[in-house]
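*Asks:* below are the sequence and a predicted model; questions follow.
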Amino acid sequence: MPLHLNLYHEIEQQRAASRRDPLKLSLYALGLLIAGLAAYYSVEAGRTASAQADLSRQQAAFSKIEAEAKEAIAHEQTFKDTIESADKVVAKIEGRLYWAPILAEIAAIVPPEVQLAKFSANTQGFDLKKTVITLDGVSAGADPRRVAEDLRQALALLFGKKYRAVDASFQKLEDGSESLTLHGNSLATALFTINVKFETGEEPPKAPAIADTKKRNGK
């Protein structure tokens, strides 16, 4: 039987080892790459989880702030309504007519030659008030009509200083049938009725008409 001797087995082993070494290196490199990717993924996953947790906290905080903002808006509207109601009450109080001071002012300008027999007043309106004061009396003097006219002008001047749309006019002015004694003198008389009209308060703004509103909206 022939004997075969392989004298190059060491060389062949070295050649085989040299063929396996690149494969091992590739496997090592691939392992390192996988490990690096896994570490990167772990870091990014941690960052993502942290970001999501932070986002959830911010969303919860925003929801709370949004609820508080809505509640604040509701309270603000309530406060505005309360202030508006209070302003209306104050306007009503400030717009009231106090008759005692008015009577005192009228009495201060009535001359001794005039005797007032009747005082009446009528006020109409809510925001814009229109008032009519009626004075009935007797004037005396050498020219009793002139005395009554002086009183009318004094009333127009008095009310014109404080009120709007003032008008003082005679409803009646006629000679009296009787005479009066003043300072020992017998004087002719005149009977008069003076109406004093004036306005107080403000007229509320008118709501726009429906047709105008539709026209502005392009309908």
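*Replies:* Happy to help now that I have it.

*Asks:* going by C-alpha atoms from here, please, whenever you check contacts or count neighbours.
*Replies:* Will do.

*Asks:* and the helix or strand harbouring Thr193, which strands flank it?
*Replies:* Take DSSP states H and E as the rule and Thr193 turns out to sit in strand 185-201. If you go by DSSP bridges, strand 185-201 pairs up with strand 128-141 (antiparallel), strand 164-175 (antiparallel), strand 180-182 (antiparallel).

*Asks:* just the element for the residue nearest the centre of the chain, please.
*Replies:* Geometric centre of the chain, nearest residue: Lys80, 6.5 Å, by Cα atoms, centre = their mean. Here Lys80 sits within helix 9-95, counting by DSSP H and E.

*Asks:* gap between the residue nearest to the centre of the chain and Leu173?
*Replies:* Separation of Lys80 from Leu173 (Cα to Cα, to the nearest Å): 53 Å.

*Asks:* Glu149 too?
*Replies:* Noted for Glu149: a distance of 9 Å to Leu173, by Cα to Cα.

*Asks:* break this protein down into its domains, please.
*Replies:* By the assignment in automatic domain parsing, the chain contains the domains 13-95, 99-201.

*Asks:* out of the ones you listed, which one sits most buried?
*Replies:* domain 99-201 (a mean of 16; mean count of other Cα atoms under 10 Å).

*Asks:* and of the strands paired with strand 185-201, who's closest to Thr200?
*Replies:* Thr200 sits nearest to strand 128-141 of all the strands paired with strand 185-201, at 5.2 Å, using Cα to Cα.

*Asks:* okay, the closest one in PDB with CA atoms only?
*Replies:* Provided in PDB are the C-alpha atoms of strand 128-141 (Å, rounded to 0.1, in the frame of the first residue of the first chain):
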ATOM      1  CA  LEU A 128     -84.000 110.200  29.200                       C
ATOM      2  CA  LYS A 129     -86.400 112.100  31.600                       C
ATOM      3  CA  LYS A 130     -88.600 114.900  30.400                       C
ATOM      4  CA  THR A 131     -90.000 117.100  33.100                       C
ATOM      5  CA  VAL A 132     -92.700 119.700  33.100                       C
ATOM      6  CA  ILE A 133     -93.100 122.100  36.100                       C
ATOM      7  CA  THR A 134     -96.300 124.200  36.200                       C
ATOM      8  CA  LEU A 135     -96.500 127.300  38.400                       C
ATOM      9  CA  ASP A 136     -99.800 129.100  39.000                       C
ATOM     10  CA  GLY A 137     -99.700 132.500  40.600                       C
ATOM     11  CA  VAL A 138    -100.700 136.200  40.800                       C
ATOM     12  CA  SER A 139     -98.400 139.100  40.000                       C
ATOM     13  CA  ALA A 140     -99.000 142.600  41.100                       C
ATOM     14  CA  GLY A 141     -97.600 146.000  40.200                       C
END
